[in-house]
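[1] Below is the sequence, then the predicted model.
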Amino acid sequence: MELSRRVTSIAPSPTLALDAKANQMRAEGIDVINFTVGQPDFNTPERICQAAIKAINDGFTRYTPAAGTPELKQAVCGKFKRDNGLDYTPDQVMINVGGKHSGYLVMQALLNEGDEVVVPAPYWVSYPPMVILAGGTPVIVPTQEKNKFKLQLAELEKAVSNKTKAIFLNSPSNPTGAAYSAEELLPVAQFCAERGILIVSDEIYEPMMYDGAKFTATASLSPLIYQNTVTLNGVSKAYAMTGWRIGYMGGPVDLIKACSKIQSQSTSNPTSIAQKAAVEALNGPQDDVKAMVEVFARRRDLIYDLLNQIPGVSCFKPEGAFYAFPNFAAYYGKKAGDKVMTGSSELCEHLLATAHVALVPGSAFGHDECIRFSFATSDELIKAGVERVATALAKLS
Ligand SMILES: *Cc1c(COP(=O)(O)O)cnc(C)c1O
């Protein structure tokens with residue numbers, strides 16, 4: 001069968017593939033320590049599960065409006081106001097089948113063949129394929145580790161052309177763990193807003209901020225930036241609800257209308273039951289979120305210390321999300337037998353095969369020098385896993 005050029009030009013999500021491989025090895029009886037997981041290791045809070053059970057028992061099991069239930073849209077508007085000081089009306093928000101789907105729909109609604117979208121690297125694995133599937137061209141802009149991989153205005157200026165339609169920003173970041181302050185975000189956002197470049201601000205890791213740092217929603221920076229931003233968020237990470245598949249976004253009415261039209265012709269609507277659960281997630285008491293973030297903060301201190309103790313490895317302290325992105329370039333070129341560790345992929349393959357530690361190579365995120373560690377796993381496994389990595393690295397020659 002001859003498949004479309006669109007689909008043959010992308011690869012499956014490498015993070016999902018690596019997670020599947022680690023789980024398969026474990027099913028075969030191999031004691032794999034898995035640092036690839038991009039999801040909280042907590043269960044969905046009971047209050048949220050109960051809301052879903054009630055929805056089923058109440059017979060709330062039919063199609064909903066394409067853009068989501070009025071109740072959940074109202075809850076999303078309330079959340080944006082409460083947490084971000086953002087005024088979105090219900091016609092400016094919509095509910096999607098996960099935050100990933102929100103980004104996909106925005107690209108489908110926005111791009112014509114050849115339009116460019118700026119993607120700062122290291123990037124989340126799904127941004128470039130989302131652009132390509134919509135017929136656009138991702139323009140990858142490398143950022144510097146010394147700036148904690150935060151996009152600088154000068155880097156952005158060089159990447160923008162008259163075909164630039166949008167930019168992806170992700171703070172706190174997957175994979176780097178960096179989080180922009182308002183001061184760091186403003187020049188970049190201002191530049192885009194002044195040129196009518198849509199800022200697609202992926203804020204899915206909003207609650208995971210450490211050391212008392214304040215989260216800044218891009219759209220809250222100024223009225224002009226608000227007009228030129230679509231804010232993507234969801235319940236997957238904040239409420240340990242990755243399997244429920246509920247994301248949401250807020251932005252300009254015409255864009256939301258366009259995305260709703262595509263959703264109405266593709267998925268129809270997100271699951272009715274999951275929407276009820278998401279209402280409870282957003283409107284209910286938020287103590288469970290706080291408790292989760294406290295645990296992540298402790299693990300982040302732990303993994304940061306352990307990684308920096310490995311000779312030749314360096315890592316800045318993650319400011320948000322649940323990832324560390326240490327630099328392993330000192331080991332590139334070293335050998336295990338006659339196998340050369342030419343880059344992050346080869347090193348991760350070696351570590352999985354010999355140390356039984358699953359990691360995501362930086363190459364998957366457009367930055368080969370680093371390797372991503374998710375610390376959404378227990379203290380014990382963090383300690384044991386990093387020790388295995390250190391031992392395997394010491395054996396390279
Ligand atoms: C997990 C994640 C999302 C969204 O995940 P969904 O489960 O689709 O809601 C979006 N952006 C980034 C950077 C993520 O890591």
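    All right, it came through fine.

[2] can you give me the helices in the stretch 1-150 of the chain?
    5-8, 14-27, 46-57, 70-84, 99-110, 127-133 (DSSP state H, counting those that start in this stretch).

[3] any chance of those in CSV, plus distance to the ligand, mean neighbour count and mean pLDDT?
    Glycine gets a C-beta too; all of them are placed from N, C-alpha and C. CSV is the format used below for the helices of the stretch 1-150 of the chain (distance: least, CB to the nearest ligand atom, whole Å; neighbours: other CB atoms under 10 Å; pLDDT from 0 to 100):
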stretch, distance to the ligand, mean neighbour count, mean pLDDT
helix 5-8, 20, 10, 90
helix 14-27, 9, 16, 86
helix 46-57, 15, 16, 98
helix 70-84, 13, 19, 98
helix 99-110, 3, 24, 98
helix 127-133, 8, 22, 97
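
[4] just so I know, which of those helices lies nearest G212?
    helix 70-84 (16.1 Å; CB to CB).

[5] so who does the residue of the stretch 251-397 of the chain found nearest the ligand touch?
    Scanning the stretch 251-397 of the chain for the residue nearest the ligand gives A321, at 7.5 Å (criterion: CB to the nearest ligand atom). By CB atoms under 8 Å, 6 or more residues apart in numbering, the contact set of A321 is 172-174, 177, 179, 205, 208, 237.

[6] what does the stretch 51-200 of the chain have sitting close to the ligand?
    Listed as neighbours of the ligand in the stretch 51-200 of the chain under the rule CB under 6 Å from any ligand atom: 98-100, 124, 170, 174.

[7] farthest pair in those residues?
    Greatest spatial distance among these (CB to CB): G98 and N170, at 15.0 Å.

[8] Neighbour count: the two, which is higher?
    Counted by other CB atoms under 10 Å, G98 and N170 do not tie: N170 has more neighbours, with 26 against 22.

[9] least trustworthy helix or strand in the chain by mean pLDDT?
    Using mean pLDDT, DSSP states H and E, the weakest-scoring helix or strand in the chain turns out to be helix 14-27, at a mean of 86.

[10] Looking at the contacts of A321, spot the one nearest the ligand.
    N174 (3.8 Å).

[11] Let me see the contact set for L307.
    313, 315, 324, 326, 373, 386.

[12] re earlier: need the helices of the stretch 1-150 of the chain in TSV with distance to I197, can you?
    Formatted as TSV, the helices of the stretch 1-150 of the chain follow (distance: least, CB to CB, whole Å):
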stretch	distance to I197
helix 5-8	24
helix 14-27	27
helix 46-57	36
helix 70-84	21
helix 99-110	11
helix 127-133	14
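
[13] For L186, which of these is the nearest?
    helix 70-84 (15.5 Å).

[14] quick check, distance from that closest one to the centre of its chain.
    Between the centre of helix 70-84 and the centre of its host chain there is 21 Å, according to CA atoms, centre = their mean, to the nearest Å.

[15] same for that helix, what does it pack against?
    In this structure, helix 70-84 makes packing contacts with strand 93-96, strand 229-234, strand 247-250, helix 272-283, judged by 3 or more CB pairs under 8 Å, 6 or more residues apart in numbering; DSSP states H and E.

[16] I'm done for today, thanks for sticking with me.
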